[in-house]
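A.B. asks: Predicted structure and sequence below. I'll ask about it afterward.
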Amino acid sequence: MSENIVEKLRSLLTEKFKHEHFSSIELLTPALTEKWFIIVRLPPFYDIFLTSYKDGRVEVDTGPVRTGDGIREFHLYKKYRRKYEEAKTEEERREIYEKKDKEEDRIIEDFRQGMFEKYLRMKGSIAYYAKEHMWANEVARRVSDKYGFEVRFNIDYESGFVTTFNSAGMDEEQMVREVMRRVDAIAEAREMFISEDMWDEFLISKGIEPVKSRRRRRI
């Protein structure tokens, strides 16, 4: 059954994304907890991943949005670089790294909790990331409302859009249809997220200044 489903999905995915100039649809060797694992390669922005687990869960997601890397490289590096260069001992350098890591953890946790406002008031790239993650949460809300099931934007060191369902009791055709519904939702979330015009419109509607330096410069 799994082989039939995978082949049907590969055919449907090829048809769906044929106008996207995708590079490939890859069938990867599943891990111990998985039945099958498919990747739709969509350069240059965010591949789509389909995973069926042995417990019946099916997950469709896209990403990664490199939350941790962005905060670290474009915000914390500038903040802590001079302190690190001026440190006179290894102990001082270690303490600076620990402070940087703790601040990164705190920012990511604030983002998870939707606490963006204080970062919007800051200068530099951290405001950019706050706006980006606000927009991602809004995208997830809009797509969930449209499709009638939950699409989440999971914020972590690597973030991304994800939707899951339980395939227990479904026959082959039902499962394929449901997987493709989830693919449609995740693909729409992906397209919405990378739309700079839609992102700007959302920020303006909230009384927030649109971003000036764009996402594509760092992907």
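C.D. replies: Cool, got the structure.
A.B. asks: Which parts of this protein are strands?
C.D. replies: Along the chain, counting by DSSP state E, strands occupy 24-28, 34-41, 47-53, 57-65, 152-154, 159-166.
A.B. asks: list the contacts for Leu28?
C.D. replies: Leu28 makes contact with Phe37, Ile38, Ile39, according to C-beta atoms under 8 Å, 6 or more residues apart in numbering. All C-beta atoms are positioned from the backbone trio N, CA, C, and that covers glycine.
A.B. asks: In this structure the second one contacts Glu59, no?
C.D. replies: No. Here Ile38 does not reach Glu59: they are 11.1 Å apart, not a contact under C-beta atoms under 8 Å.
A.B. asks: Of those two, give the one with the bigger neighbour count.
C.D. replies: Shown here are Ile38 and Glu59; by other C-beta atoms under 10 Å, Ile38 has more neighbours (21 against 18).
A.B. asks: So for that one, what pLDDT did the model give?
C.D. replies: With respect to pLDDT, Ile38 has a value of 97.
A.B. asks: before we move on, the earlier item: can you list the contacts of Leu28 in a markdown table and add distance to Glu109?
C.D. replies: Converted to a markdown table, those look like this (distance: C-beta to C-beta, whole Å):
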| residue | distance to Glu109 |
| --- | --- |
| Phe37 | 30 |
| Ile38 | 32 |
| Ile39 | 29 |
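A.B. asks: I'd assumed Val143 was in contact with Val151.
C.D. replies: Yes. In this structure, Val151 is within contact of Val143 by C-beta under 8 Å, at 4.6 Å.
A.B. asks: Can you report phi and psi for the residue located most distally from the centre of the chain?
C.D. replies: What lies farthest from the middle of the chain is Lys88; by C-alpha atoms, centre = their mean that is 39.4 Å. Main-chain torsions, Lys88, degrees, to the nearest 10: phi -100, psi -20.
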